[in-house]
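1. 3D, please:
(one chain, ligands or ions: 2)
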Amino acid sequence: MSELKVYNSLTRTKEVFTPITPGYVGMYVCGPTVYSDVHLGNCRTFISFDIIYRYLKYLGYKVRYVRNITDAGHLEGDRDEGDDKFSKKARLEQLEPMEIVQKYTLGFHKVMELFNNLPPTIEPTATGHISEQIEMVKQIIENGYAYVVDGTVYFDVEKYDKEKPYGILTNRKLEDLLEGTRELGGQDEKKGRLDFALWIKAKPEHLMQWPSPWGMGFPGWHIECSAMSGKYLGHQFDIHGGGMDLAATHHTNEIAQSQACYHTSPVNYWLHTNMLTVNGARMSKSAGNGFLPHQLFTGDHPLLEKAYAPMTVRFFMLQTHYRSTLDFSNEALQAAEKGLKRLWEAYDNLNKLTYTGTGDSEIDEELEKRTIELINGFDDSMNDDFNTAKVLANMFELVPVINSLKNGHLPLTSISKQTLELLQHKFKVYLFDIFGLKNEKEGDNSLLEGVLQLLIQIRKEARSKKDFATSDKIRNELQGQGIILKDEKDGTVSWSVN
Ligand code: AMP
Ligand code: ZN
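-> Ligands and ions are numbered 1, 2, ... in the order given. So this is what the prediction gives:
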């Protein structure tokens, strides 16, 4: 088997993955800011890292996977401006800020579960680590890289850059960064345009604030990830991940904070996922083009032609490499739905196959060789920076072979017993353990599916006889049980649980 190679944003090359401690991996992924629901773009990033987590485990690593919850200190503007997102939402919904945090954290967990993402091994919150953040800020001041102005602490970017390149992660020089940032106005208390807040003085009416050596305040957004990754993974750890949009500011500042505090480069491999877009524009909360997962599952959004099951959406994401952009479209989701159905049918067929041959003489050498090549390609593709799209391409090349073995177009003895068993084993491991797919029409739902198909059929027959009383009764009674029937444009009827 080939070695695992990952694309490191820091070096902009694919590197052989070598963890600090053999057999163990420390991985930190920036989690959601829980002042609102996560949209599908956020989910893409969390699904991508779920696959990476699952694959590392498959390779035999013991992974400490830390994904934080941002529940404090995130201002609306990227540059320490605007309202605090939590306080604003709390006022809007007339709730305590911690009620906002609780509500959206629970919602986030529910969505992660629906997508079958494994929980991280540690899920720390910013509010639970205020003292660790204060300690770090104190150390950064002591080391000379931060200054206090009237209860707010700023990181001195220009001073830092004299010793370490501040723009290292996105390969930009300080001059270029300065050029792209607006001049300081007379009101500004910062010394330099790029300086960012480590700790922010709270106005008396601010809802979430804590005592600190600099007075009542709250942490800046970037310091939480440095403090929590340092606490749980050490001052230098293996993998740090997040969406690409975080590299230029949030992660750049994380590197600077850790360097300024501990004099170490905190992360060996920086992994960034690309964006989910809608008509070419990045899906984001502020742009207002963010579908919520439950809108996808119910089809209740003007841009959605129908409802899509969570596994269809997960599969749709797996078909594209995590570092490529992925554009949302109904056509692509419908194609994913069909593709996934074909894959599950092939998987069912594969499981029904039992080897019947007596020797090697019947083996089709060409087919045997190609089948083994395609199966080995699964691990090779994942080892090439987690290329799920290529694994799926191999799987789809194997689908007609599996179906032909099942329906007799190819003799069952065309491939060896060993290869058939390998095929069965690898499909199972990849579909369930690594890709985290669940057969939504199988298992718990198979009985329900059968009964519903029967009711859908009876309703169809009633309608064709213009017996609308019966057809409406079926629809309404099911609705009463929380099951929604939907007449699709192609004449079929789908169902979903409300
Ligand atoms: P947030 O809750 O805004 O802090 O975002 C949580 C995660 O989602 C971060 O890692 C972001 O980089 C990521 N993210 C935000 N928008 C998108 C998008 N359109 N596509 C993929 N990932 C995204
Ligand atoms: Zn972070």
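2. quick one, domains of the chain?
-> Residue ranges for the domains of the chain, per automatic domain parsing: 5-273, 278-434, 444-497.
3. pick the most deeply packed of those.
-> domain 5-273 (a mean of 19; mean count of other CB atoms under 10 Å). Where you see a C-beta, it was placed from the backbone N, CA and C, and this is true even at glycine.
4. quick check: end-to-end length of that domain?
-> 16 Å (CA to CA, to the nearest Å).
5. mean confidence for that domain?
-> For domain 5-273, the mean per-residue pLDDT is 94.
6. not counting its neighbours along the chain, what's nearest the residue of the stretch 301-450 of the chain found nearest ligand 2?
-> The nearest approach of the stretch 301-450 of the chain to ligand 2 comes at residue 322, 17.7 Å away (CB to the ion). Spatial nearest neighbour of residue 322, chain neighbours left out: residue 48 (4.0 Å); criterion: CB to CB, 6 or more residues apart in numbering.
7. show me the contacts for the one you found.
-> Counting by CB atoms under 8 Å, 6 or more residues apart in numbering, residue 48 makes contact with 273, 317, 322, 386.
8. what do you get for residue 124?
-> By CB under 8 Å, 6+ apart, the contact set of residue 124 is 66, 68-69, 228, 231-232.
9. mind picking the two most distant members of the residues you listed?
-> Greatest spatial distance in the contacts of residue 124: 69 and 231, 14.5 Å, computed using CB to CB.
10. residue of this structure closest to ligand 1, please.
-> Residue of the chain nearest ligand 1, by CB to the nearest ligand atom: residue 243 (2.0 Å).
11. against residue 30, how distant is that residue?
-> Separation of residue 243 from residue 30 (CB to CB, to the nearest Å): 8 Å.
12. what of residue 47?
-> 15 Å.
13. one more: residue 353?
-> Taking CB to CB as the measure, residue 353 falls 44 Å from residue 30.
14. and the closest residue to residue 34 other than its chain neighbours, its phi and psi?
-> Leaving aside its sequence neighbours, residue 34 sits nearest to residue 104 (CB to CB, 6+ apart; 3.9 Å). Phi and psi for residue 104, reported as degrees, to the nearest 10, are phi -80, psi -20.
15. list the contacts of residue 104.
-> Counting by CB under 8 Å, 6+ apart, residue 104 makes contact with 32, 34-37.
16. return the subset of the residues you listed lying in strands.
-> Judged by DSSP state E, strands contain none of these.
17. close to ligand 1: what parts of the stretch 251-400 of the chain are there?
-> Within the stretch 251-400 of the chain, the positions adjacent to ligand 1 are 273, 275-276, 282-284 by CB under 6 Å from any ligand atom.
18. reformat the residues you listed into JSON lines and put secondary structure next to each item.
-> Converted to JSON lines, those look like this (DSSP: H, G, I helix; E, B strand; the rest coil):
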{"residue": "273", "secondary structure": "strand"}
{"residue": "275", "secondary structure": "coil"}
{"residue": "276", "secondary structure": "strand"}
{"residue": "282", "secondary structure": "strand"}
{"residue": "283", "secondary structure": "coil"}
{"residue": "284", "secondary structure": "coil"}
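19. quick check, stretch 29-40 touching ligand 2?
-> Yes - Stretch 29-40 is in contact with ligand 2 by CB under 5 Å from the ion, via residue 30.
20. using PDB, write out the CA atom coordinates for that stretch.
-> Output of stretch 29-40 as PDB, limited to C-alpha atoms (Å, rounded to 0.1, in the frame of the first residue of the first chain):
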ATOM      1  CA  VAL A  29     -10.800  21.500  13.300                       C
ATOM      2  CA  CYS A  30     -12.400  24.900  13.800                       C
ATOM      3  CA  GLY A  31     -16.000  24.300  14.700                       C
ATOM      4  CA  PRO A  32     -19.200  26.300  14.300                       C
ATOM      5  CA  THR A  33     -20.000  29.700  15.600                       C
ATOM      6  CA  VAL A  34     -23.300  28.700  17.400                       C
ATOM      7  CA  TYR A  35     -25.300  31.900  17.100                       C
ATOM      8  CA  SER A  36     -27.400  30.500  14.200                       C
ATOM      9  CA  ASP A  37     -28.000  27.200  12.300                       C
ATOM     10  CA  VAL A  38     -25.200  25.700  10.300                       C
ATOM     11  CA  HIS A  39     -25.700  25.900   6.500                       C
ATOM     12  CA  LEU A  40     -24.800  23.300   4.000                       C
END
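21. residue 15 touches residue 8, doesn't it?
-> Yes - with contacts counted by CB atoms under 8 Å, residue 15 reaches residue 8, the gap being 5.2 Å.
22. which residues do those two both contact?
-> residue 269.
23. ok, now how distant is residue 279 from residue 37?
-> When distance is defined by CB to CB, residue 279 is 21 Å away from residue 37.
24. residue 244 too?
-> For residue 244, the distance to residue 37 - CB to CB - is 22 Å.
25. repeat that for residue 332.
-> Residue 332 is 23 Å from residue 37, by CB to CB.
26. over to residue 427?
-> 34 Å.
27. which two among the contacts of residue 48 are spaced furthest apart?
-> 317 and 386 (12.3 Å).
28. what sits against the residue of the chain closest to ligand 1?
-> Residues in contact with residue 243 (CB under 8 Å, 6+ apart) are 30, 41-42, 45, 272-275.
29. look up phi and psi at it.
-> Dihedral angles of residue 243 (phi, psi; degrees, to the nearest 10) stand at phi -70, psi 160.
30. same deal with residue 196?
-> Torsion angles, degrees, to the nearest 10, at residue 196: phi -130, psi 160.
31. now do the one 4 residues further on
-> Recorded main-chain torsions at residue 200 are phi -120, psi 130, according to degrees, to the nearest 10.
32. ok, now residue 268?
-> phi -80, psi -40.
33. to which secondary structure element is the nearest residue to it once chain neighbours are set aside assigned?
-> Distance criterion CB to CB, 6+ apart; nearest residue to residue 268, sequence neighbours excluded, is residue 238 at 5.4 Å. Secondary structure assigned from DSSP states H and E places residue 238 in strand 237-243.
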